[in-house]
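# can't give you the sequence, but here's the structure:
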Ligand code: SAM
């Protein structure tokens with residue numbers, strides 16, 4: 001194990017240590033979820049701006065071998081759209097110490113890729129699914145791909161990419177009546193369901209606090225059908241988890257807005273164009289791509305990454321009246 005190279009990890013001014021890296025592989029997506037992106041899409045990053053597969057693999061290697069990162073999640077945009085994904089996962093799986101590797105995906109194309117991803121070393125997947133109704137799915141995502149997502153989920157289980165987690169965002173008057181049905185459906189199939197409070201990270205800046213379905217409302221809706229008992233200490237896990245009807249199935253609720261977990265945050269984020277963000281809601285980024293392309297060696301890049309994390313704020317402050325939404329939307333940061 002190359003731990004002798006880890007000179008210092010990613011420590012911020014409040015003593016939090018980032019060991020969980022979220023890597024956005026692309027800002028593009030094949031869905032247009034109404035709470036995320038406008039129908040016409042966005043001004044995508046131009047190819048020269050994107051990190052190459054090799055550049056991403058180098059930065060993941062630096063994070064794991066020099067900075068103490070032990071968990072890497074590939075996201076986007078839609079990470080399955082990135083052709084180099086399989087090679088990037090393979091390279092990350094060969095690292096010592098071996099990080100835990102997962103992908104957050106909308107599931108489209110997963111039916112085809114799940115087996116290969118497992119073979120090259122992927123451990124788990126999170127699949128986003130907001131509704132069980134194909135007609136609603138089409139309205140919410142502006143694409144008729146519900147069946148592809150369900151096929152992707154099933155393929156992930158078959159490939160051994162478990163525990164498979166399902167991420168759901170509820171929107172008032174759209175799918176907020178579906179929480180119990182989604183939970184029953186996931187429990188039956190062995191998927192771990194996690195509800196995510198809608199955050200002010202949409203490209204359209206249309207988020208309204210009053211329209212968001214809160215963690216409290218989600219729990220109330222679930223409790224109308226299920227008995228929920230708190231599972232364990234939350235730790236750095238953003239999801240508070242409950243045992244469903246005595247377990248073993250669980251359900252998670254990520255209350256990023258009403259029940260923030262910033263004090264225990266252990267995340268560092270790399271965007272598809274090589275910027276480090278020390279928080280999903282940060283308003284500043286640190287450019288590693290310029291360093292990479294300017295010939296910086298691994299030690300220099302690691303030091304820039306540490307410096308970027310040192311200035312992490314105590315909290316994201318989403319529920320604060322002075323909160324300002326970051327310039328980049330979720331799809332460009334990596335959710
Ligand atoms: N395309 C992949 C997917 O669908 O999982 C990865 C990227 S997507 C941005 C990651 C997650 O963020 C999805 O579960 C999506 O529903 C969620 N998401 C997007 N915009 C959000 C918002 N404004 N608030 C909360 N979650 C959001």
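Now that the structure is in, tell me what you want to look at. On a predicted model such as this, the values are computed, not experimentally measured, just so you know.
# Give me the nearest residue to the residue of the chain found nearest the ligand, chain neighbours excluded.
Residue nearest to the ligand within the chain (CB to the nearest ligand atom): residue 335, separated by 2.8 Å. Using the backbone N, CA and C atoms, a C-beta is placed for each residue, glycine as well. Take residue 335 and drop its neighbours on the chain: the residue closest to it by CB to CB, 6 or more residues apart in numbering is residue 75, 5.7 Å away.
# List the contacts of that neighbour.
By CB atoms under 8 Å, 6 or more residues apart in numbering, the contact set of residue 75 is 22, 23, 24, 25, 103, 104, 105, 334, 335.
# Show me what the strand or helix carrying the fifth one is packed up against.
When elements are defined using DSSP states H and E, residue 103 is found to belong to strand 100-105. On a contact count with 3 or more CB pairs under 8 Å, 6 or more residues apart in numbering; DSSP states H and E, strand 100-105 meets strand 71-75, helix 85-93, strand 124-128.
# Show me what the second one is in contact with.
The list of residues contacting helix 85-93 from outside it, by CB under 8 Å, 6+ apart, reads 25, 53, 56-57, 60-61, 64, 72, 74, 79, 82, 99, 101, 103, 113, 116-117, 120-122.
# Stretch 167-187 now?
Applying CB under 8 Å, 6+ apart, the external contacts of stretch 167-187 come out as 33-35, 104, 126-133, 136, 139-140, 166, 192-198, 211-213, 217-218, 221-222, 224-226, 244, 249, 251.
# Would you mind writing the ChimeraX command to select the buried ones in the residues you listed?
Burial among these is assessed by 16 or more other CB atoms under 10 Å; the matching ChimeraX selection reads:
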select :33,34,35,104,126,127,128,129,130,131,132,140,166,192,193,194,195,196,197,198,212,213,217,218,221,222,226,244,249,251
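# The ligand next: which of the contacts of stretch 167-187 are close?
Applying CB under 6 Å from any ligand atom to the contacts of stretch 167-187, one finds that 35, 104, 128, 196, 198 fall near the ligand.
# how about residue 164, what does it touch?
124, 125, 126, 127, 153, 156, 157, 190, 191, 192.
# wait, residue 105 sits on residue 124?
No. Contact criterion CB atoms under 8 Å: residue 105 and residue 124 do not qualify, at 11.1 Å.
# Name the residue in these two with the higher neighbour count.
The residue with more neighbours, out of residue 105 and residue 124, is residue 105; 27 against 19, by other CB atoms under 10 Å.
# show me where the stretch 1-150 of the chain has helices.
In the stretch 1-150 of the chain, the helices defined using DSSP state H, counting those that start in this stretch lie at 53-66, 85-93, 110-120, 134-141, 146-159.
# Now that we have these, can you turn them into JSON lines and tack on mean pLDDT?
Output for those, formatted as JSON lines (pLDDT from 0 to 100):
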{"stretch": "helix 53-66", "mean pLDDT": "98"}
{"stretch": "helix 85-93", "mean pLDDT": "98"}
{"stretch": "helix 110-120", "mean pLDDT": "98"}
{"stretch": "helix 134-141", "mean pLDDT": "98"}
{"stretch": "helix 146-159", "mean pLDDT": "98"}
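# Of all those helices, which one comes closest to residue 285?
helix 53-66 (14.1 Å; CB to CB).
# separation between residue 114 and residue 107?
10 Å (CB to CB, to the nearest Å).
# go on, residue 300?
39 Å.
# Looking at these two, which has the bigger crowd around it?
Between residue 300 and residue 107, counting by other CB under 10 Å, residue 107 is the more crowded of the two (28 against 14).
# For that one, give me its contacts.
Neighbouring residues of residue 107 by CB under 8 Å, 6+ apart: 127, 128, 129, 148, 149, 150, 151, 152, 153, 156.
# Could you say which of those residues is surrounded by the most neighbours?
residue 156 leads the contacts of residue 107 on contacts (other CB under 10 Å) with 30 neighbours.
# Residue 274 contacts residue 288, correct?
Yes. With contacts counted by CB under 8 Å, residue 274 reaches residue 288, the gap being 5.0 Å.
# Quickly list what's touching both of these two.
If you check residue 274 and residue 288 against CB under 8 Å, 6+ apart, the residues they both contact are residue 59.
# Which one's more surrounded, those two?
Set residue 274 next to residue 288 and count neighbours by other CB under 10 Å: residue 288 wins out with 25 against 22.
# so what's the backbone phi/psi at that one?
phi -90, psi -20 (degrees, to the nearest 10).
# ok, it to residue 269 distance?
Distance, residue 288 to residue 269, by CB to CB: 11 Å.
# Many thanks, we can stop here.
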